[in-house]
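In: Just a sequence and a predicted model for now, questions to come.
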Amino acid sequence: MSSVVFLRAINVGGTNLCKPAQLAKQLKKFDVVNVGAVGTFVVHGNVSESSLRKELAAQLAKHFKIKCEIMIASGAALMKTASKDPFAKQPSGGEITRFMSVLHKPLPSPLVRRHSSLSLPSDKGWLLKIITIEGQFVLGVYKREMKAIGQLGKLEKILGVPATTRSWNTIEKIVNILEANR
């Protein structure tokens, strides 16, 4: 089954500059698709996670002179999580962003139970809400306010694992690419 790669903190604020389309071409032997969201790729080729991680790091260092956190997830696991309609009972509208944070590795069960319904900064005055944590995926919503972005960084510190976040629209694009390759 395919893998999904999420690069953390590239092309942010003029630093860690990378051209994703060029990177996808350099990884052609792995049948890589550039999703279009910066640093997000679907890998259809049969390659181990360790080999893929090693090759990505080498290409990023060689061609772009950058080093970044690389999250790799199973395409099947991502599709399973997305198929559950996780946002069915959540607030929506133009002022709310649905998101998925991808963790470097899954959390231990006690941390999942403790944080699976976390609201930041508080339950009453939330800017960010966690809906569920499944494996290495954290799903939630945040209000479209500048202060909310800071809560994503706070979330990573609370969970104690590197993470990178994509909007739910990007996750839906990934699912479409994965389904087209079935």
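Out: Everything's here; your move.

In: how close does His115 sit to Lys157?
Out: Look at His115 and Lys157: by C-beta to C-beta, to the nearest Å, they are 12 Å apart. For the C-beta atoms, the positions are set from N, CA and C on the backbone; glycine is no exception.

In: Would you mind giving the domain segments of the chain?
Out: Split into domains by automatic domain parsing, the chain comes to 3-77, 84-167.

In: between these, which gets nearest to Arg182?
Out: Nearest to Arg182 among the domains of the chain is domain 3-77; the distance by C-beta to C-beta comes to 9.8 Å.

In: Quick check: which of the domains of the chain is nearest to Ile174?
Out: Closest approach to Ile174 among the domains of the chain (C-beta to C-beta): domain 3-77, 5.8 Å.

In: Endpoints of the closest one, how far apart?
Out: With C-alpha to C-alpha, to the nearest Å as the measure, domain 3-77 spans 9 Å from end to end.

In: Which SSE is immediately downstream of the biggest helix by length in the chain?
Out: Counting by DSSP state H, the longest helix found in the chain is helix 49-64. For helix 49-64, the following helix or strand on the C-terminal side (DSSP states H and E) is strand 70-74.

In: next SSE after that next one?
Out: Using DSSP H and E, the helix or strand that follows strand 70-74 in sequence is helix 75-82.

In: Buried residues of that next one, list them for me.
Out: Gly75, Ala77, Leu78, Met79, Thr81, Ala82 (16 or more other C-beta atoms under 10 Å).

In: ok so, going back, tell me what angle the longest helix of the chain forms with strand 70-74.
Out: 140 degrees (axes from the mean of the first three to the mean of the last three C-alpha atoms, to 10 degrees).

In: And stretch 104-118, what's buried?
Out: Neighbour-count burial for stretch 104-118 [16+ other C-beta under 10 Å]: His104, Pro106, Leu107, Val112, His115, Ser116, Leu118.

In: tell me the mean pLDDT for whichever strand or helix holds Leu139?
Out: According to DSSP H and E, Leu139 maps onto strand 137-143. Average pLDDT, strand 137-143: 95.

In: got the contact list for that strand?
Out: With contact meaning C-beta atoms under 8 Å, 6 or more residues apart in numbering, strand 137-143 is reached by 73, 77-78, 81, 86-87, 90-92, 95-103, 126-133, 148-149, 151-152, 155, 159, 163.

In: Not counting the lowest-mean-pLDDT helix or strand in the chain itself, show me its contacts.
Out: Lowest on mean pLDDT, DSSP states H and E among the helices and strands of the chain sits helix 109-115, with a mean of 85. Contacts with helix 109-115, where a contact means C-beta under 8 Å, 6+ apart, come from Leu107, Ile130, Ile133, Ile158, Leu159, Gly160.
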